[in-house]
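Engineer: give the three-dimensional model of this entry:
(chains A and B)
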Amino acid sequence: MTVAWIGDRGVPVADAVKHAAELLATSLCPVFSFDTDVHGTRAAIALACRVGAAYDQLEGEATARETAQYTDKGGMFIAPGEVRRRADVVVIAGELPAAHYDLIAELANTVPDLDGETSKRQFFLIGADTPAPGNVKATRLSCEGGIEAALAALRAQCAGRKTSREVAHFNHFAKALAEARFPVFTFCGQSLGPLGLEMVQGLIGDINRKQRASALHLPASENGWGSTQASTWTTGFALRTGLARGYAEFDPWRFDVARMIVDGEADLHLVVVNDPKRVPLAQKGVELIALAWTKKPVAGAAVTIAIGVAGVDHDAVVYSSRVGTLAAIEAKAPSELPSAAAVLRQIAEYLPHEEALPC
Amino acid sequence: MLTRIAGGEIVDPVNGRVGKGDLWIEDETIVAEPSGRQPDVTLDATGCVVMAGAIDIHSHIGGGNVNTARLLLPEQHKAHVPRPATTPLSKVGWTTFETGRLYAQMGFTTVVEPAMSPGAALHTHLELADIPIIDKATLAILGNDDFLLSMIRDKASPIMIEDYVAWTVASSRALGVKVINAGAAAAFKENVRSFSFDDVVPFYGTSSRSIVKTLQAAVAALHIPHPLHVHCNNLGIPGAPDTASETMAAAEGLPLHLAHLQFYGYGTAGKRGFSSEAARLAALVNSTREITIDVGQVMFGQTVTISSDVLRQFSARGTANPKKSVIYDGDANGGGIVPHNYRADFYGSLQWAIGLELFLLIEDPWRVFFTTDHPNGAPFTTYPEIFELLMSREARVKAMEGLSKRALALSTLPDLTREYTFEEIAIMTRAAPAKLLGLKDRGHLGAGALADIAVYRKGNDIAQMFRSAALVLKNGELVVEDGIVKNYRWGKTLRLKPTPDKAMVKRLEAYHQERYGLSLNWFDFPDSAIQREQPFSEVSCNA
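Structural biologist: This next block holds a predicted model:
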């Protein structure tokens, strides 16, 4: 079975790896986009160090918004296990990715058990258009102007201020909040912009003056958040970091890889992703290296190398929203396909180097 | 390979060897001088002090909270790259790679991350595995977790509690156990805003004292070499010496280690209600033989406080500088990240003085340990300056010139004349940490010891001497020359491996299924998940 291609031509993996290394070595501005596990991320960053690349999460806008909440403001957060066991009010602040529906359904099917009393769990949903995840029964809190307006009005009403737009069912929410032992707000960068994310934290900060509350981060991309963690310990910075000057620089605008390609700054794009359909189209003047779970070459790619899927073809470490930290997962159907990390480290080996890789 | 370190001034208090001589190394191990053999390599140590590699028992170098601090403060790291000498956090060792490099250059070869949440052990170990050159270890946090608090409430037998502690240490690959503001994180979730040693955790009905005593007994019964590592209640609060005193008294003859005692040295005298009670605490340590402490020295400048004492960090978030923080309610302790700038004002001057008073007033260097609680009191890269302050009264006098006179008037520091000797430094930073952690293979230069060796070129500038080791060997490999890392290698993480009781594993599996809807497997991982060759090295429990 062919697992590596130069253009449309099937080649031994070693040849494809060598050609990818040659392209990287001659590139003036290489950029990487990935949607991969933790070790895939570490290997990609090690390679980026060696060739001076910038890197980002593939389709990483939402991950960047979540990152900005931490880098610019901070906030109060809670572990998912603690939400299951303690939260008697759950406020879903904006639409959640389908990957988190099971967790919400699980919260709906359980009650908090850490207060020693028979408890119940109430759900609220912020935003007129926010779908109820897992068909959970929730009271909708909304007003004109969209979800961020609803959040702002909710915060203002909770603080006893007058608002030009009233939040529907506010009195019900205020009563639940007053009686709550530990309300929790879920948030995700997919549906909330920077102001919305900040408003959620502002509301939680207000509540914590007198009682407890916190926020459950349900990331837009679990791989994206796992990669953010790995990037932060290896380079000191989150994703959207560049290494062209020989040291790490973090700039969420400058190293937005999608922007760098559109603006003609990059001349090589290395993409790591399971689904080959998600590999962005090759752009004129930009060499494309694709590492994907594929049986055929990616259209327009100078090099394609087939990789296994983390947790299916090979064991992996991934971020799990269910436990709120990194977790080891076993391969469900182990195969001969190499991991992204293995291929990326092979490419790095072909490149001239004097210094040790940082990870 | 046979290596000789020739002509250095050897300082090895464990083996009573102090004076000029040679040190011989065969591969990874220190050996007696071999007769009739020539060395393959000779390293000239003329004019140098030769010690075992230093061991840091309490430095927050990796894990979820440390990484959140990095995430929270990109501007700090960004600022230091182009202007490394003058900008805040400029020497903090911000990445895992830099952490290993900077520690090694100072002659440190083993560092303990003292606060690992057992539920996030994999994350911590992945970070530690990316720290090059040095060996690492971690302490598992217990004492705010529902399982333990429920067992104490339900009067579980000591053996059951020991089984749980053993499982936690084994599954999280820890070298010991730490308790952080015992019970306070659980109480904070019930909206309790202050918590002292005899306060009771709502719902569980158990006091902080009871939690500490329970864990102390379990650690002793399991023969874990490192005594229970205690972060007391009321950190940073004027009046905290009372809490520290109560905690020391509660040791009752069994070993207990109190972390970063400087933060508990604040009295309430003076018109600001903030004064030094270091002398009182030092006297207590001197008279309580079962107590060991580390200092948590404060140095001036920007840093970030990282602590699993979530209640304390929540209280401190109003003082964040810059004005942002993270508070995390974890499954047990959680944590808080609050950036802080220690200024040479009244309060900062007094904090700085209290740490030095503790160093200088605690008489036995085997029971006082050298830490800044990195990065809470200061980044670990300030260690050379602290060595100088300890070894030179003149340096202290000079440093005090720029500080608050009113603060220093409330401290005994100006009157202290003690100067640490090289032998005392070697005890405090090598021999004693190895003994405290149960690391028999290091901390000394006797035959059979691991060849972790630091060679410092003697000079008038003490800080420079400790900042740039002339030579550092890790496992017999030369890794640093003239203060520069020449050879990167990957160290190991040291761990205990008590055998978990099968009935306890079964019980924990049922608990996690029922309470969290998850298999216990989510909280464990195979060594292969680290993706390094033999990432762990096993340390034996005491016989």
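
Engineer: so where's the stretch 51-200 of chain B uncertain?
Structural biologist: B:76-93 (pLDDT under 70).

Engineer: need the strands for the stretch 101-250 of chain B, in chain order.
Structural biologist: With DSSP state E, counting those that start in this stretch applied, the stretch 101-250 of chain B shows strands at B:108-116, B:135-142, B:176-180, B:200-201, B:206-207, B:228-231, listed in chain order.

Engineer: turn those strands into a markdown table, including distance to A:Ala174.
Structural biologist: Every C-beta, even on glycine, is put in place using the N, C-alpha and C of the backbone. Rendered in a markdown table, the data for the strands of the stretch 101-250 of chain B read as follows (distance: least, C-beta to C-beta, whole Å):
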| stretch | distance to A:Ala174 |
| --- | --- |
| strand B:108-116 | 38 |
| strand B:135-142 | 37 |
| strand B:176-180 | 36 |
| strand B:200-201 | 30 |
| strand B:206-207 | 35 |
| strand B:228-231 | 38 |
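
Engineer: how about the ones you listed in a markdown table, adding mean neighbour count and distance to B:Phe188?
Structural biologist: Putting the strands of the stretch 101-250 of chain B into a markdown table (neighbours: other C-beta atoms under 10 Å in any protein chain shown; distance: least, C-beta to C-beta, whole Å) gives the following:
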| stretch | mean neighbour count | distance to B:Phe188 |
| --- | --- | --- |
| strand B:108-116 | 28 | 17 |
| strand B:135-142 | 28 | 15 |
| strand B:176-180 | 27 | 12 |
| strand B:200-201 | 21 | 10 |
| strand B:206-207 | 20 | 15 |
| strand B:228-231 | 28 | 14 |
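
Engineer: export these to CSV and append columns for distance to chain A.
Structural biologist: Putting the strands of the stretch 101-250 of chain B into CSV (distance: least, C-beta to the nearest C-beta, whole Å) gives the following:
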stretch, distance to chain A
strand B:108-116, 11
strand B:135-142, 13
strand B:176-180, 16
strand B:200-201, 11
strand B:206-207, 13
strand B:228-231, 20
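
Engineer: state the distance from the nearest residue to A:Val323 once chain neighbours are set aside to A:Glu336.
Structural biologist: Ranked by C-beta to C-beta, 6 or more residues apart in numbering or on different chains and with sequence neighbours excluded, the top spatial neighbour of A:Val323 is B:Trp522, at 5.3 Å. B:Trp522 sits 28 Å away from A:Glu336, going by C-beta to C-beta, to the nearest Å.

Engineer: hmm, A:Gly193 is touching A:Glu148, no?
Structural biologist: Yes - because the distance of 6.6 Å satisfies C-beta atoms under 8 Å, A:Gly193 is recorded as touching A:Glu148.

Engineer: show me where the stretch 301-450 of chain B dips below the pLDDT cut-off.
Structural biologist: Residue ranges of the stretch 301-450 of chain B with pLDDT under 70: none are present.

Engineer: and it, which of its residues are near chain A?
Structural biologist: When proximity is defined by C-beta under 8 Å from any C-beta of the partner chain, the stretch 301-450 of chain B lies next to chain A at B:314, B:324-331, B:334, B:337.

Engineer: quick revisit: A:Gly193 and A:Glu148 - which one has more neighbours?
Structural biologist: For the pair A:Gly193 and A:Glu148, the greater number of neighbours falls to A:Glu148 (21 against 16), based on other C-beta atoms under 10 Å in any protein chain shown.

Engineer: and the nearest residue to the more buried one once chain neighbours are set aside, what does it touch?
Structural biologist: Leaving aside its sequence neighbours, A:Glu148 sits nearest to A:Gly196 (C-beta to C-beta, 6+ apart; 4.3 Å). Under the criterion of C-beta atoms under 8 Å, 6 or more residues apart in numbering or on different chains, the contact list for A:Gly196 reads A:93-94, A:147-148, A:151, A:187.

Engineer: same deal with B:Ser468?
Structural biologist: If you count contacts by C-beta under 8 Å, 6+ apart, B:Ser468 has them with B:105-106, B:482-484.

Engineer: just name the shakiest helix or strand of chain A by mean pLDDT.
Structural biologist: Least confident helix or strand, chain A: strand A:249-250 with a mean of 90, by mean pLDDT, DSSP states H and E.

Engineer: so what's the residue nearest to A:Glu148 scoring on pLDDT?
Structural biologist: Confidence at A:Gly196, expressed as pLDDT, is 97.

Engineer: where does the residue nearest to A:Ala53 when sequence neighbours are not counted fall, phi/psi-wise?
Structural biologist: Of all residues beyond its chain neighbours, the one nearest A:Ala53 is A:Pro30 (4.1 Å), with distances taken as C-beta to C-beta, 6+ apart. Main-chain dihedrals, A:Pro30, degrees, to the nearest 10: phi -80, psi 140.

Engineer: okay, now A:Pro30: neighbour count?
Structural biologist: Here the count is done by other C-beta under 10 Å, and A:Pro30 has 26 residues near it.

Engineer: who does it form a beta bridge with?
Structural biologist: Per DSSP bridges, the residues bridged to A:Pro30 are A:Leu268.

Engineer: was I right about it contacting A:Val271?
Structural biologist: No - in this structure, A:Pro30 sits apart from A:Val271 without contact. The criterion is C-beta under 8 Å, and the distance is 11.6 Å.

Engineer: helices along chain A, start to end?
Structural biologist: Along chain A, the segments classed as helices by DSSP state H run A:13-26, A:38-51, A:61-68, A:80-86, A:101-108, A:147-158, A:170-179, A:194-207, A:222-235, A:257-262, A:340-350.
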